[in-house]
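Trainee: Structure for the following, please:
(3 chains)
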Amino acid sequence: MVTVPTACPFCSCGCGFYLLAREGQLVGVAPSETHPVSEGRLCARGWSAHEAALWGDRLRQPLLRRNGKQESVSWDEALDHVAGRLKELMNAGKPVGVLGSSRATNEENYLAGRLARAGLQTNNVDFSYHPICRPLLAGLEEVCGKHAPSIRLNDIASSQVILLTEGNLAETHPRAASSILRAVEKGAHLITVGYRKTQMARLASLHLQATPGNEGEVINGLLAAILDLRLQDRTSVPIGYDALRRDLETVKGTEEVRQAAEWIARAERAAFLIAPSCGPGDQSRKDAAAFAKLAAITGHLDKPASGLLPLLARSNVRGACDMGVVPDRLPGYDPLDDARSRQRVQDIWGKKLPSAPGLRAESLLQSVSGLIVVADDPPSVVPIGQRAMAAMERIEFLVVLDAFLTPTARIAHALLPIASLAETEGTVTNMEGRVQRLRAATNPPGEARTGWQVLAELCGRFTSSYSSASDVLREIGQAAPGYAGVEQRLSEDGWGGALLKDFDRAKLVVQPTRTTGLAALTSVERPYLLARDVAFDWGHDPLVSFSPTLRRDYQSERKLFPNGFVEIGKGDADALKLSGGRQARLTSVHGEAMVPVLVRTDLKPGLLVVPYTFRDRVSNVLGTEGVTAVKVERA
Amino acid sequence: MAFSIEKKAVTKWLEKLLEAGEVVAPVRTPCGDVLFSTIRSAEEVVWDFPNPLHPPKEFVLPQTDPIVKIRRNGQHHEVEAIHDGTRRFLFNARSCDAKGIAFLTRMHEMEPADASYLRRSGNLTVISLACATPCPLGFCVCTDSGPFLSDSCDAQLTDLGESYLVEVGSAKGEAAVAEAQSLFRKATEDEVSRRKNLEVAARNHFGEETCHFASAMRRISTGRVPDALWEKMGDWCLECGGCNLVCPTCYCFGVKDLGRDGTWIRCRLRDSCQYAAFTLEASGHNPRALRKDRMKRRFFHKVSAQYYTRDGTVGCVGCGRCIKVCLGTTHMPAVVAAIRKGKWHE
Amino acid sequence: MNDVFLPDIAWLADVCDETPDTRTFRLRFRDSKKGEDFHFHPGQFLELSVFGYGEAPFCIASSPTRPEALETTVRRTGQLTNALHKLGEGDEVGVRGPFGNGFNVEAAYGKDLLFVAGGIGLPPLRSLIWNVLDERARFGNVTILYGARTPTDLVYKQELSEWGKRSDVETHVTVDAAQAGWTGKVGVVPSLFKKISFHPESTLAYVCGPPIMIRIAIQDLLALGFKEEAIISTLERMMQCGIGKCNHCAIGHRYVCRDGPVFNYGQIRELVE
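Mentor: Next comes the predicted model:
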């Protein structure tokens, strides 16, 4: 029996456990009590982490699409062909791009970025989950600098107050929910902000109801209340308090908001957790900035055991950002146009970097002639859904690196099989900023190779190559200053990873901004709101869809509702004479759609929610928005 | 029959066992955890350790358990049962785990008996290490599964300082001792009596606050636990299924065929009744769609009189693992106490 | 000690469409000795393996009085059943079983029997119906009430017609919604109760079909004076092992695959969910 310690490949909590293998085949998972995040506990996904690699449709051979079908070729032929075709496209002046992934390792993402910028001379590099979290991270950055001062997941269990703006934390980040349960058991005040009465909301001391996309209304209310109660921490960041309060003039407070503000401000140890919102990007960014301001002016961003966590969906969102697979960022998450960072990276890569800003993920998919997709299935992740699949089908030359046969892999012109997260070496960075190693418990199947190796070989056909994953990590330490010394630290004391210490207190900035809440979207003709639930669609992620234990729930939902559904509260359903399964017609300024309804008891009147996985069913209605006003009728 | 073996001779005994079969024992990983694993040398075995969170049931009921091989041959198929006939020694299991394995064996002996499981358990010799110092979270006294055993193990070791007392409980235990008979001598009366004193001292370690099953069992068995209580407790569960995975007496599983291109291995896969889709039917109907109903089910299986009558024991060996592994706060002692008191967190 | 997960190999001796999404498969064991030794009661079920897709439980739809015609009727609902429907005569499947308690045929001797079935609920009852008809003299009056959503959805159309023509069986067939050419009754199955006469004290009622239909039928039968023990049904649950060990089908401490799937209404009411 082989027991290999590794980090969890699912969400951004970054738990650790042992993969068990016998005779070269994965068998199961064993917990680790010494791991500083998981402490012996795991969620349902973690306990089944071995299943996708073992049971899934694995890619085993490099394949090239010839004569209408995918044919098996040697690695050399495949890599030469890929490099050759991409060079052809570049020489013809056609746009090319690279999509990294929040389920790929830091090494894979770093090399994908290097391949794009140094090899293909383009800044068209992004990752599919980025559209969802970009506004959130931008807003936090306005206040905190590059990365917010994180609180450790385990410290949350001793928090006295927790402010949580969420989708459904118990499902998206069970490990974080676990810490919150422990804190609440010990008497902590949980304050939830959201549009649904979720499990966390039921356990909260206060649930502050928010309109989807307009969580800022509540956050600004809390800000105003803290300033009114003169509870802001005067010893922390220098802020123009009067200007800030003036800016919040139009914000109305409530008794509950005042109570919550008092708890937050008086706490010694507080945790602030924020999930991406479905609102328009600009508004979400402002709301995230307001959230960070709230934490800053109550002094919780520079106290031990207090801090902020962005609730990123997947294991390596933070790492993807840090590795610079973002069109306007470099490794280190530094802005593309920052001269010193450009010089640093150019020195390491020995190549001048392209300066024209690149395309973002969704535009990228729709504009390039050549595309490399690393370890992801964009249509199931990006907001434009199946339109991304249609766009990719039009791409002249699509290269896919993956361990699993995803829908994207099926349409690739060149398919390069890589190891799954149970068979690879590399690192991932969780939402705490903890860099951890993944370790191989078994060999990848067939001819599949580790992802970093394949990308290094591709890089090698354009620039220079690497001989080990550690080499890559060492270079990352030079290119991304926050990661300096990480390789060394991981080699010496590997378990539990290395926490990045990249928050600079001096960078905390609290500026007043014009606080415009989201204008009320609803009207007499369109009195309901339809919101897109941005919680990550795990059901379509191969780590779940290929796991017999994990996929049952999601599959059943899709089988019962092959045409998808929208959720509606019982009150509204009764009023509209809609029962479960009945079709409703939704009409917005953008268009209309007919879709079955699912009746829920945890939704307030006036609100319909479409699960992320069914967003294509109402794309006519939503347009490019995440929330829009609709008329609802029985179809 | 009781023997005695010098501590410094145990290494040689282990070496003999390693020659005779596979040896599974607690080992310390470089990360500092203690896990049950197959050992290659006697030095790997740890002796002073907290009971590993991952139970040794892995070695009779693996999380992924291959049971049938299926091969397609043109239009025909050949099927063959996969037999794991390896002789195995489980060394330094704690009393609770030995009881757990005995429980699982009884479950799989029940008609119709499962040959695949029984072949493994039949070839497994359980050598347990009695707990003179009970673990902080355990409550084995409440489930008659420790800290010392009088049955359910093939041999029980008790630490007597310079030596171990070895109480043989079965033919398999005798055979394990016989692998290195010269290292053992008959135990003296004094040694046996010291072991008895150690047991009394160990039992006295447990306070009053452990896990009182009786009244919870009465209420669960007669349907007198209010639905509202299950609902409340359900909100403190995060449906991770960890309790089922680490519980020495849980054995729910699914059956799936793994493979492709004409060769498949039918496997038993570990499962959890706490997962929403556990009772999901092909039609889409789910009789336990609500978490409170799944929780109710778990505790009925573990603590009801109906199951107690069928199984001869409560479905718990008091190992305390669920306390550690629960992602929420709804482990066995907490729920049993809540049912007894009729309230949760008040 | 058995290798309880090891299937026997059988081949499809006949495949027959009942409705657009339902098909009856006749099975013949590759090892004829196994076929001879295969004894079952009506109401028992098999775990059928479609190699490459897995295994699922299906009731035996044929009677033990006709062992050469071992049959199961399967509706296409998911991956495995779709794969099964793609198989044809001569193709192989795996068979484990028989599992479950089955109907107590002897307890029905001398009694009047009332069969109440809806849609895909007729197959499990068919095993008992043919058992009864093949030993007709042992039983009292036999009444069959069957219905489906539309005429196309009726299963065993040919046999329904045969039963209709027999003088020793009273058969009524109905549909929820008629289609062109349908001259029979229209209405839900329980509406047929008023068309027949029976004596509850000496009748056993067997009810099988969609949950709603079962619920209404049982209510009506109780109102008509049937005792709880005289109303018999089969329970559906997610099952995997078929032998009472995987725990998927457990209700309280009863296992649908071992203590059922046949239960009388009194037993059903006692089950602890």
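
Trainee: Would you list the phi and psi of B:Trp264?
Mentor: Per-residue torsions, B:Trp264: phi -130, psi 150 (degrees, to the nearest 10).

Trainee: so it touches B:Lys256, yeah?
Mentor: No. Assessed by C-beta atoms under 8 Å, B:Trp264 is found out of contact with B:Lys256, at 9.5 Å. Placement of C-beta: from N, CA and C, glycine included.

Trainee: Number of residues surrounding the residue of chain C found nearest chain A?
Mentor: Closest approach of chain C to chain A (C-beta to the nearest C-beta) occurs at C:Gly78, with a separation of 6.9 Å. Close neighbours of C:Gly78, defined as other C-beta atoms under 10 Å in any protein chain shown, add up to 15.

Trainee: Who are the contact partners of it?
Mentor: The contact partners of C:Gly78, taken as C-beta atoms under 8 Å, 6 or more residues apart in numbering or on different chains, are A:Lys559, B:Ala282.

Trainee: what do you get for B:Met217?
Mentor: B:Val303, B:Ser304, B:Ala305, B:Tyr308, B:Val314.

Trainee: Give me the buried entries from these.
Mentor: The neighbour-count test (16 or more other C-beta atoms under 10 Å in any protein chain shown) applied to these identifies B:Val303, B:Ser304, B:Tyr308, B:Val314 as buried.

Trainee: Tell me the confidence at the closest residue to the third one other than its chain neighbours?
Mentor: Nearest residue to B:Tyr308, sequence neighbours excluded (C-beta to C-beta, 6 or more residues apart in numbering or on different chains): B:Val314, at 5.8 Å. Predicted confidence (pLDDT) at B:Val314: the value is 94.

Trainee: State the distance from B:Val314 to chain C.
Mentor: From B:Val314 across to chain C, the span is 13 Å (C-beta to the nearest C-beta, to the nearest Å).

Trainee: Make sure that residue is indeed in a helix.
Mentor: No. Looking at B:Val314 with DSSP: H, G, I helix; E, B strand; the rest coil, it is coil, so not inside a helix.

Trainee: about what we covered before: mind picking the two most distant members of the buried ones among the contacts of B:Met217?
Mentor: In the buried ones among the contacts of B:Met217, two members sit farther apart than any others by C-beta to C-beta. They are B:Ser304 and B:Val314, at 8.9 Å.

Trainee: Serialize the buried ones among the contacts of B:Met217 to TSV and add fields for secondary structure and distance to B:Leu18.
Mentor: As requested, the buried ones among the contacts of B:Met217 are exported to TSV (DSSP: H, G, I helix; E, B strand; the rest coil; distance: C-beta to C-beta, whole Å):
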residue	secondary structure	distance to B:Leu18
B:Val303	helix	40
B:Ser304	coil	43
B:Tyr308	helix	40
B:Val314	coil	36
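
Trainee: Closest one of these to chain C?
Mentor: B:Ser304 (6.8 Å).

Trainee: Any idea how many residues pack against C:Ser191?
Mentor: 16.

Trainee: I figured it hits C:His172, correct?
Mentor: No. Contact criterion C-beta under 8 Å: C:Ser191 and C:His172 do not qualify, at 9.9 Å.

Trainee: which residues touch the closest residue to chain B within the stretch 301-450 of chain A?
Mentor: Ranked by C-beta to the nearest C-beta, the top residue of the stretch 301-450 of chain A for proximity to chain B is A:Pro445, at 10.5 Å. When contacts are counted by C-beta under 8 Å, 6+ apart, A:Pro445 touches A:Arg58, A:Arg60.

Trainee: how about the residues of the stretch 1-150 of chain B near chain A?
Mentor: For the stretch 1-150 of chain B, the residues in contact with chain A (C-beta under 8 Å from any C-beta of the partner chain) are B:24, B:29-33, B:35, B:37-38, B:53-54, B:58, B:62-64.

Trainee: The stretch 1-150 of chain C now?
Mentor: C:Gly78.

Trainee: how about the residues of the stretch 1-150 of chain C that lie near chain B?
Mentor: Residues of the stretch 1-150 of chain C found near chain B (C-beta under 8 Å from any C-beta) are C:1-7, C:9, C:30, C:49, C:51-56, C:77-78, C:81, C:90-92, C:94.

Trainee: related to what we said a few turns ago, more neighbours: B:Trp264 and B:Lys256, which one.
Mentor: Set B:Trp264 next to B:Lys256 and count neighbours by other C-beta under 10 Å: B:Trp264 wins out with 23 against 20.

Trainee: now the more buried one: how far from B:Ile82?
Mentor: 12 Å (C-beta to C-beta, to the nearest Å).

Trainee: go on, A:Thr298?
Mentor: From A:Thr298 across to B:Ile82, the span is 61 Å (C-beta to C-beta).

Trainee: likewise B:Asn197?
Mentor: Taking C-beta to C-beta, one finds B:Asn197 at 47 Å from B:Ile82.

Trainee: With neighbour numbers in mind, choose between the two.
Mentor: A count of neighbours by other C-beta under 10 Å puts B:Ile82 above the other of B:Asn197 and B:Ile82, at 17 against 10.

Trainee: unless I'm mixing things up, the more buried one is touching B:Val68, no?
Mentor: Yes. The pair B:Ile82 / B:Val68 is scored as a contact, 6.3 Å apart, by C-beta under 8 Å.

Trainee: Which residues of the stretch 151-300 of chain B lie near chain C?
Mentor: B:223, B:251-257, B:259-260, B:264, B:266, B:268, B:271, B:273, B:278-283, B:285, B:287-288, B:293, B:296-297, B:300.

Trainee: which regions of chain B sit below the pLDDT cut-off?
Mentor: Within chain B, the stretches with pLDDT under 70 are B:209.

Trainee: mind listing the strands for it?
Mentor: Counting by DSSP state E, one finds strands in chain B at the ranges B:2-6, B:22-28, B:34-38, B:64-73, B:76-81, B:88-93, B:124-129, B:155-159, B:163-168, B:184-186, B:253-260, B:263-270.

Trainee: want to throw these into TSV with distance to C:Pro64?
Mentor: Shown next, in TSV, are the strands of chain B (distance: least, C-beta to C-beta, whole Å):
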stretch	distance to C:Pro64
strand B:2-6	57
strand B:22-28	46
strand B:34-38	48
strand B:64-73	27
strand B:76-81	25
strand B:88-93	43
strand B:124-129	41
strand B:155-159	50
strand B:163-168	51
strand B:184-186	59
strand B:253-260	27
strand B:263-270	28
